[in-house]
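Participant: build me a model from this:
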Amino acid sequence: METKDSLLLDDVDSILPAAREVIEIEIAGIKRVRDHLDEGFVKAIKLLLKTKGRVVVTGIGKSGLVGRKITATLASTGTPSMFLHPVEAVHGDLGMVTKDDIIIALSNSGETQELRDLIPAFKNRGIPVIALTGNKESTLARISEAMIDTGVDREACALGLAPTASTTATLAAGDALAVVLLKMRRFDEEDFRKNHPAGTLGDRLRVHVREVMITGADIPLARPGTGMAEILKEMDLKRLGSVLVLDGEESVVGIVTDGDLRRALINMGDLSEKVVEQVMTKNPKGVSPETLAADALALMEKHLITVLPVVETNGQLVGVIHLHDLLGKGQFRFVV
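Facilitator: Numbers count the residues shown, from 1 in each chain. Below you'll find the predicted structure:
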């Protein structure tokens, strides 16, 4: 009995022509984006150059995957950036975005519901939005300060369903933004090396936590008995999405994260009369300053956490490491 796969084996001569057709369609998509670059791209660059904070890239699905790559390219070429998942944003991660930041929102249709729910939160805070979309008549295009047309005539997928040429075109537009910014800022080889202190993945994995941890006055701290109003102020001031709680011997006895706050609000309601011990996670996981950055990252992934206290063998706090310090913030980062 012949199967579909066995029938396909009789048509091997079509393999290379089919592959070449896919690449030709994607080339055509990139050319269309190039030919449709206009004042919207110029305005986007001007907005990005004026930004005092970070570039926050957001998108979901295939657009989200492309957005993560654009984030990595921006970060490694001198534009501080982070990726924000739209669903996580509306469940608390929006607190990581400041009024000094700028948004790059990715959606081929421009009507992605998760982005439509999220963008008004940025607009209400006066945070500008740049849209990369294939639909210049879309909701996203209309409510953005600048729009870059990433539309393509057709997808390379024979069914016209899987994002292929459109994601390639969006990625090319993101690269264009990053490289033009690099040139405008006169970002040179020495600057690039500072953001890539190791030349291979193996070398990067041997960086120690002490080389990238946050120290001193930048660590969000509190003492037992502190009211939750003060905890919220400290969390907002230090912008790490958490506060470490120290005892009299400078040892970490607890941590309050965005997630702890959400759970406390659900379970307790009004927190104005609560103290930190009633909300914090006790005895949080930590690492030593000599821990490899790769091992710290693995620990974060295993336990689904974004912040780790850095402690000496005597238990005293010496620093804190955030997931973004490993993946896209500061001088050390994994480059995807």
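
Participant: just for the stretch 101-250 of the chain, where's the confidence low?
Facilitator: 160-161, 188-206 (pLDDT under 70).

Participant: element containing residue 48, please.
Facilitator: helix 39-50 (DSSP states H and E).

Participant: any idea of the mean pLDDT in the next helix or strand after that helix?
Facilitator: As assigned by DSSP H and E, the chain's next helix or strand after helix 39-50 is strand 55-58. For strand 55-58, mean pLDDT rounds to 95.

Participant: okay, now the sheet partners of strand 55-58, with direction.
Facilitator: Paired neighbours of strand 55-58 in the sheet (DSSP bridges): strand 81-84 (parallel), strand 102-106 (parallel).

Participant: between those strands, which gets nearest to residue 255?
Facilitator: Shortest distance between residue 255 and these, using CB to CB, is found for strand 81-84: 20.9 Å. Heads up, the C-betas are built off the backbone N, CA and C, glycines and all.

Participant: so what touches the helix or strand following the closest one?
Facilitator: Next in sequence after strand 81-84, counting helices and strands by DSSP H and E, comes helix 86-89. Outside helix 86-89, the residues within contact range by CB atoms under 8 Å, 6 or more residues apart in numbering are 58, 59, 60, 64, 97, 112, 114, 115, 117, 118, 121.

Participant: wait, the third one sits on residue 85?
Facilitator: Yep, that's residue 60 we're talking about. Yes. Here residue 60 reaches residue 85: they are 7.2 Å apart, a contact under CB atoms under 8 Å.

Participant: coming back round to it: and the helix holding residue 48, which residues are buried?
Facilitator: 40, 41, 43, 44, 45, 47, 48 (16 or more other CB atoms under 10 Å).

Participant: returning to what we had before: nearest to residue 32, of the contacts of helix 86-89?
Facilitator: Using CB to CB, residue 59 comes nearest to residue 32 of those, at 20.0 Å.

Participant: residues near the residue nearest to that closest one when sequence neighbours are not counted, how many?
Facilitator: Closest residue in space to residue 59, ignoring its immediate chain neighbours: residue 106 at 3.4 Å, by CB to CB, 6 or more residues apart in numbering. Neighbours of residue 106 under the rule other CB atoms under 10 Å: 31.

Participant: cool, residue 307 as well?
Facilitator: By other CB under 10 Å, the residues close to residue 307 number 24.

Participant: partner residues bridging the closest residue to it other than its chain neighbours?
Facilitator: Nearest residue to residue 307, sequence neighbours excluded (CB to CB, 6+ apart): residue 242, at 4.6 Å. Residue 242 has these beta-bridge partners by DSSP bridges: residue 257.

Participant: of the strands paired with strand 55-58, give the one that comes closest to residue 18.
Facilitator: That would be strand 102-106 among those, by CB to CB, at 28.1 Å.

Participant: thought residue 255 was touching residue 280?
Facilitator: Yes. Judged on CB under 8 Å, residue 255 makes contact with residue 280 at a distance of 6.0 Å.

Participant: wouldn't the residue nearest to residue 307 be in contact with residue 258 here?
Facilitator: Yes. With contact defined as CB under 8 Å, residue 242 reaches residue 258; the gap is 7.2 Å.

Participant: which of these two has more residues huddled nearby?
Facilitator: Legend: neighbour count by other CB under 10 Å for residue 242 and residue 258, higher for residue 242 (27 against 20).
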